[in-house]
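Peer 1: how would this look folded up:
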Amino acid sequence: MGKINQGISSLKTFISEVKVELVKCAWPTRKELLGQSVVVIVAVIILGAFVGLCDVVNVNLLSLIIR
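Peer 2: As a prediction, the model looks like this:
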């Protein structure tokens, strides 16, 4: 029973320390968050298109080699 109480106590301590650290964080404004989200979405689309293009090129090259 002592180990369970010790585990619960350390979990409570951890959660309280996490709350203290989260207060210290610099949170982005809504405008900054939306701007950064747009950048990430555009980057994912561009990289996805690039990987898809590379895949198409590789498939076509391999089909030429295999013939």
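
Peer 1: Could you count how many residues lie near Phe50?
Peer 2: 10 (other CB atoms under 10 Å). Where you see a C-beta, it was placed from the backbone N, CA and C, and this is true even at glycine.

Peer 1: That one in helix, strand or coil?
Peer 2: helix (DSSP: H, G, I helix; E, B strand; the rest coil).

Peer 1: which regions of the protein lie under the pLDDT threshold?
Peer 2: Scanning the chain for pLDDT under 70 picks out 1.

Peer 1: Identify the residue nearest the geometric centre of this protein.
Peer 2: Val40 (10.3 Å; CA atoms, centre = their mean).

Peer 1: Please name every helix or strand in contact with whichever helix or strand Ile4 is part of.
Peer 2: If you go by DSSP states H and E, Ile4 is part of helix 2-24. Contact partners of helix 2-24 among helices and strands, from 3 or more CB pairs under 8 Å, 6 or more residues apart in numbering; DSSP states H and E: none.

Peer 1: For that helix, buried residues please.
Peer 2: Buried residues in helix 2-24, defined by neighbour count with 16 or more other CB atoms under 10 Å: none.

Peer 1: For that helix, output the C-alpha coordinates as PDB.
Peer 2: Output in PDB follows, covering the C-alpha atoms of helix 2-24 (Å, rounded to 0.1, in the frame of the first residue of the first chain):
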ATOM      1  CA  GLY A   2       3.000   2.300   0.600                       C
ATOM      2  CA  LYS A   3       4.200   2.100  -3.000                       C
ATOM      3  CA  ILE A   4       0.700   3.000  -4.300                       C
ATOM      4  CA  ASN A   5       0.600   6.100  -2.000                       C
ATOM      5  CA  GLN A   6       4.100   7.000  -3.000                       C
ATOM      6  CA  GLY A   7       3.200   6.700  -6.700                       C
ATOM      7  CA  ILE A   8       0.000   8.800  -6.300                       C
ATOM      8  CA  SER A   9       2.000  11.400  -4.300                       C
ATOM      9  CA  SER A  10       4.700  11.600  -7.000                       C
ATOM     10  CA  LEU A  11       2.100  11.900  -9.700                       C
ATOM     11  CA  LYS A  12       0.400  14.800  -7.900                       C
ATOM     12  CA  THR A  13       3.800  16.500  -7.500                       C
ATOM     13  CA  PHE A  14       4.600  16.000 -11.200                       C
ATOM     14  CA  ILE A  15       1.200  17.500 -12.300                       C
ATOM     15  CA  SER A  16       1.600  20.500 -10.000                       C
ATOM     16  CA  GLU A  17       5.100  21.100 -11.400                       C
ATOM     17  CA  VAL A  18       3.800  20.800 -15.000                       C
ATOM     18  CA  LYS A  19       1.200  23.500 -14.200                       C
ATOM     19  CA  VAL A  20       3.900  25.800 -12.900                       C
ATOM     20  CA  GLU A  21       6.000  25.400 -16.000                       C
ATOM     21  CA  LEU A  22       3.000  25.900 -18.400                       C
ATOM     22  CA  VAL A  23       2.400  29.300 -16.800                       C
ATOM     23  CA  LYS A  24       5.900  30.300 -17.600                       C
END
